[in-house]
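> My questions are about this predicted structure, shown below with the sequence.
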Amino acid sequence: MSELTAKDLGTELLQRIHALPKGKKIDECIQCGTCSASCPTSGAMKYGPREIIASLRAGMIDKVLKSNTVWLCTSCYSCVVRCPAGIPFTDIMYELKRLGVKYGIYPKKTTNAAMANSFSEVIDKHGRNSDTKLILKYYMRTSPLKILGQMGLASKLFFKGRMDVFTKTIKGLDGLQKMMAAAEENGEK
Ligand code: SF4
Ligand code: SF4
């Protein structure tokens, strides 16, 4: 990280978390570890939920973003339901994902960020998802040659009428784009 320091990143993340409903509760974490013990995927995470809160406090958030941790969260909310301090940890994971995608800080091997960026581009352009465009964009970002391997499946889907070749754009796309631009300006996208 050159221009953007870990401290800047930590400060931005903390501001975003504090702005969430119940976000200020993060300051009341007692490091009990109930969240990590309740998390079905914490065994595969480099840093479990409890450690993420500790890392946030220690200003080590760039290390968390560069690990696989946030991309293994399944949004099951077990940590939120069981946290004695009422900390909205799942929402914190979403903020970490948003920040990682925004600044391009995520593990090199992960393809989740490519999927998130591709999805966001399709929605920005059409106001709705298109499976075909999403998959094409995703493969172009990750491994373009794999598109060839999907041609058989694509033609079967096409002949069964299950593949949208021409993406319909929603009515009122202008309004949606204005809303998304406003959300981006407020740091919500
Ligand atoms: S369960 Fe809540 S209070 Fe306990 S470590 Fe996790 S976030 Fe902190
Ligand atoms: S919401 Fe995410 S971090 Fe929380 S318990 Fe589920 S998988 Fe783990």
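Looks like it came in fine. Ligands and ions are numbered 1, 2, ... in the order given.

> what's the distance between residue 167 and ligand 1?
The gap separating residue 167 from ligand 1 is 41 Å, by CB to the nearest ligand atom, to the nearest Å. C-beta: built from backbone N, CA, C; applies to glycine.

> quick one: least confident helix or strand in the protein?
Ranking every helix and strand in the chain by mean pLDDT, DSSP states H and E puts helix 6-18 at the bottom, with a mean of 83.

> As PDB, could you dump the C-alpha coordinates of that helix?
Coordinates of the C-alpha atoms in helix 6-18 are reproduced here as PDB (Å, rounded to 0.1, in the frame of the first residue of the first chain):
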ATOM      1  CA  ALA A   6      -3.300   0.900   6.600                       C
ATOM      2  CA  LYS A   7      -4.200   3.600   9.000                       C
ATOM      3  CA  ASP A   8      -6.300   5.400   6.300                       C
ATOM      4  CA  LEU A   9      -8.000   2.100   5.500                       C
ATOM      5  CA  GLY A  10      -8.700   1.300   9.200                       C
ATOM      6  CA  THR A  11     -10.100   4.800   9.700                       C
ATOM      7  CA  GLU A  12     -12.400   4.600   6.700                       C
ATOM      8  CA  LEU A  13     -13.600   1.200   7.700                       C
ATOM      9  CA  LEU A  14     -14.300   2.300  11.200                       C
ATOM     10  CA  GLN A  15     -16.300   5.300  10.000                       C
ATOM     11  CA  ARG A  16     -18.400   3.000   7.700                       C
ATOM     12  CA  ILE A  17     -19.000   0.500  10.600                       C
ATOM     13  CA  HIS A  18     -20.000   3.300  13.000                       C
END
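
> That helix - contacts with which helices or strands?
With contacts taken as 3 or more CB pairs under 8 Å, 6 or more residues apart in numbering; DSSP states H and E, helix 6-18 sits against helix 49-57, helix 61-66, helix 89-103.

> What are the buried residues along the very next helix or strand once past the second one?
Looking back up the chat, that one is helix 61-66. On the C-terminal side of helix 61-66, the closest following helix or strand by DSSP states H and E is helix 78-82. Under the neighbour-count criterion of 16 or more other CB atoms under 10 Å, helix 78-82 has 78, 79, 80 buried.
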